[in-house]
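Asks: my questions are about this predicted structure, shown below with the sequence.
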Amino acid sequence: MAFVPTTQSEVQTWLERFHAANDSLDTSRLGDIYAKDAIVQFGNMPLIHGLDELRNFFSGTWAKLEMMLHEIDSFDMVDNRIYQPCHITWQVKNDPENEKIKVPAFGLVHLVTSGPEKGLISRAAYYMDGAPLVAALQRSS
């Protein structure tokens, strides 16, 4: 169940649940972390509006991944915003190089603070260099 963290240990727990949902590579779990009308920005890509668009965005790439792992570097929470640098490791299915790709990333998430979607993400922005992942995806196809 989603919640709005108020202590450092609660933020850590919230982030671990968030990353576990993503690392599962199961788009049906996105509703456990994102509000229905969430707006998500990945770098300079067009905004993604809503849970259905988010599921569509991830479904193609996640189906091609053997694994994904987020490692929390640090975090801070101000009001309803969590700021978090991390490292993401991917392994692509059928990559002839069998490379484990690890890149630094940064995320900013805004949480819903009241109502039935309390503790879910209403808005998010993620920044990373996806070029190494794209290269592995191209090698594998």
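Replies: On my side now, so go ahead. Numbering: from 1, shown residues only.

Asks: how near is the residue nearest to the spatial centre of the chain to residue 114?
Replies: Centroid check for the chain by C-alpha atoms, centre = their mean gives residue 22 as the closest residue, at 5.5 Å. Residue 22 is 25 Å from residue 114, where distance means C-beta to C-beta, to the nearest Å. For glycine as for every other residue, the C-beta is placed from the backbone atoms N, C-alpha and C.

Asks: returning to what we had before: could you name the helices and strands sitting against the helix or strand where the residue nearest to the centre of the chain lies?
Replies: Per DSSP states H and E, residue 22 falls inside helix 8-23. If you count contacts as 3 or more C-beta pairs under 8 Å, 6 or more residues apart in numbering; DSSP states H and E, helix 8-23 packs onto strand 65-72, strand 81-92.

Asks: so where's this structure shaky on pLDDT?
Replies: 1 (pLDDT under 70).

Asks: mind listing the strands for it?
Replies: 34-42, 48-49, 65-72, 76-78, 81-92, 100-111, 121-128 (DSSP state E).

Asks: for the residue of the chain most remote from its centre, which non-adjacent residue is closest in space?
Replies: Among residues of the chain, the one most distant from the C-alpha centroid is residue 96; the distance is 26.1 Å, by C-alpha atoms, centre = their mean. In space, and not counting its chain neighbours, residue 96 is closest to residue 139: 5.9 Å by C-beta to C-beta, 6 or more residues apart in numbering.

Asks: is residue 90 in contact with residue 101, as I believe?
Replies: Yes: using C-beta atoms under 8 Å, residue 90 makes contact with residue 101 at a distance of 4.8 Å.

Asks: shared neighbours of those two, which are they?
Replies: Residues touching both residue 90 and residue 101 comprise 133, 136, with contact defined as C-beta atoms under 8 Å, 6 or more residues apart in numbering.

Asks: and residue 61, what does it touch?
Replies: 133, 137.

Asks: on that earlier part again, out of residue 90 and residue 101, which sits in the more crowded spot?
Replies: residue 90 (23 against 20; other C-beta atoms under 10 Å).

Asks: no more questions from me, cheers.
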